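Chemist: Please work out how this folds:
(4 chains)
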2 protein chains.
Amino acid sequence: MISTRGRYALRVMIDLAEQGRETYTPLKEVAEWQRISKKYIEAIMASLSKAGLVDAVHGKGGGYRLNKPAEEYTVGEILRVTEGDLAPVACLEHGAAPCEYAGECKTLPVWDKLNLMINGYLDGITLAELA
Amino acid sequence: MISTRGRYALRVMIDLAEQGRETYTPLKEVAEWQRISKKYIEAIMASLSKAGLVDAVHGKGGGYRLNKPAEEYTVGEILRVTEGDLAPVACLEHGAAPCEYAGECKTLPVWDKLNLMINGYLDGITLAELA
DNA sequence: TATTTACCCACTGTGTCAATAGGTTATTAT
DNA sequence: ATAATAACCTATTGACACAGTGGGTAAATA
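Modeler: Numbering: from 1, shown residues only, chains lettered A, B, ... in the order given. Below you'll find the model as predicted:
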């Protein structure tokens, strides 16, 4: 299940895409447009900024801005940064302990394909298509 | 994310499918095969039993049994019973409050298609294929 | 009658989510 | 220089679900 964290991040990124790459957009505005607590968005943007997806400038006239053209962001990449992982089951999460019984597990192939499907679908959508 | 509840349920159902529809299989055995706490499985089976997916008999020689041929169970139906819902976002959950801004939401189509994909994929796999 | 098994209810520890709060640092407009 | 603006950082909170445990009751059979 994708939490508000990832869903908000996607909505904010769409907003930034619509503002263009010339101006910096302060969170105050984004928060109003999206009707999301500014404080909460701050925490989310910290992840996106740390991951290099957005560029930030302090002070008056500052704010956030996309780091590359909207066409080059995929929904999957944005969600993975904010959610940590998109794996549908714990044993497929990045950094999960290798399962001792993976070889004999009859359900693993189901989860494996589901995982590929989900990531593949979300990696096939760009920000530009949503803005 | 699919929790242990749903994953265990699926594994138990595969076990029951392998035992055939003639015999009743006690949870004691299933718990040992699957290395899962018997008590925990009890709670899961209660859901499956209440939903009519399995048949139960008390006492010596009793246990659980599939209610129909393994070909007629889909992975999706088993998971929906035990997990409650397979929706990837809260606003698409069964019984969720209708979103006031659904009409203008640019991300909703993404979640909608993802939801259809996930459910469609899991409804396309039968127990018989896994046993 | 004893044994086995499903069934029921309550409880608990752990962890994550979704925020909130209060402050500090950096940058710019005046 | 100073005030205003905005990102950044750390800590804390309440609510909730998950994963499992424990103890007992009811039903069926050997």
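
Chemist: Just give the number of residues close to residue A:21.
Modeler: Counted with other C-beta atoms under 10 Å in any protein chain shown, the neighbours of residue A:21 add up to 14. Just so you know, the C-beta spots here come from the backbone N, C-alpha and C atoms, and that holds for glycine as well.

Chemist: nearest spatial neighbour of it, skipping sequence neighbours?
Modeler: residue A:66 (5.6 Å; C-beta to C-beta, 6 or more residues apart in numbering or on different chains).

Chemist: what residues are up against that neighbour?
Modeler: Applying C-beta atoms under 8 Å, 6 or more residues apart in numbering or on different chains, we find residue A:66 in contact with A:13, A:16-17, A:21, A:53-55, A:73, A:127.

Chemist: Can you check those and name whichever has the most neighbours?
Modeler: In terms of neighbours by other C-beta under 10 Å, those top out with residue A:16 at 28 neighbours.

Chemist: Wasn't that residue part of a helix?
Modeler: Yes: counting by DSSP: H, G, I helix; E, B strand; the rest coil, residue A:16 falls inside a helix.

Chemist: distance of it from residue A:83?
Modeler: Residue A:16 sits 19 Å away from residue A:83, going by C-beta to C-beta, to the nearest Å.

Chemist: Then residue A:104?
Modeler: As for residue A:104, its distance to residue A:83 is 30 Å (criterion: C-beta to C-beta).

Chemist: Neighbour count for those two, which is higher?
Modeler: For residue A:104 versus residue A:83, neighbours defined as other C-beta under 10 Å are more numerous around residue A:83 (18 against 8).

Chemist: Would you map the strands across chain A?
Modeler: Along chain A, counting by DSSP state E, strands occupy A:54-57, A:63-66.

Chemist: What is the burial count for the residue of chain A found nearest DNA strand C?
Modeler: At 2.2 Å from DNA strand C, residue A:59 is the closest residue in chain A, using C-beta to the nearest atom of the strand. Per other C-beta under 10 Å, the neighbour tally for residue A:59 reads 8.

Chemist: Would you check how far apart it and chain B are?
Modeler: As judged by C-beta to the nearest C-beta, to the nearest Å, residue A:59 and chain B stand 30 Å apart.

Chemist: Equivalent analysis for residue A:38, please.
Modeler: Residue A:38 is 18 Å from chain B, by C-beta to the nearest C-beta.

Chemist: My guess is residue A:9 contacts residue A:49. True?
Modeler: No: taking C-beta atoms under 8 Å as the definition, residue A:9 is not a contact partner of residue A:49, at 11.3 Å.

Chemist: Quick check on those two: which one has the bigger neighbour count.
Modeler: Ranked by neighbour count (other C-beta under 10 Å), residue A:9 and residue A:49 place residue A:9 first, with 23 against 14.

Chemist: List the contacts of the residue lying closest to the more buried one once chain neighbours are set aside.
Modeler: Spatial nearest neighbour of residue A:9, excluding adjacent residues (C-beta to C-beta, 6+ apart): residue A:82 at 4.2 Å. Contacts for residue A:82 (C-beta under 8 Å, 6+ apart) come out as A:5-6, A:9, A:44, A:47-48.

Chemist: Against residue B:77, how distant is residue A:110?
Modeler: In this view, residue A:110 and residue B:77 are 14 Å apart by C-beta to C-beta.

Chemist: Compare neighbour counts for those two and give me the winner.
Modeler: Each of residue A:110 and residue B:77 has its neighbours counted (other C-beta under 10 Å); residue A:110 has more, 22 against 16.

Chemist: And the helices in chain A?
Modeler: Using DSSP state H, the helices of chain A run over A:4-19, A:27-34, A:38-50, A:75-83, A:108-123, A:127-130.
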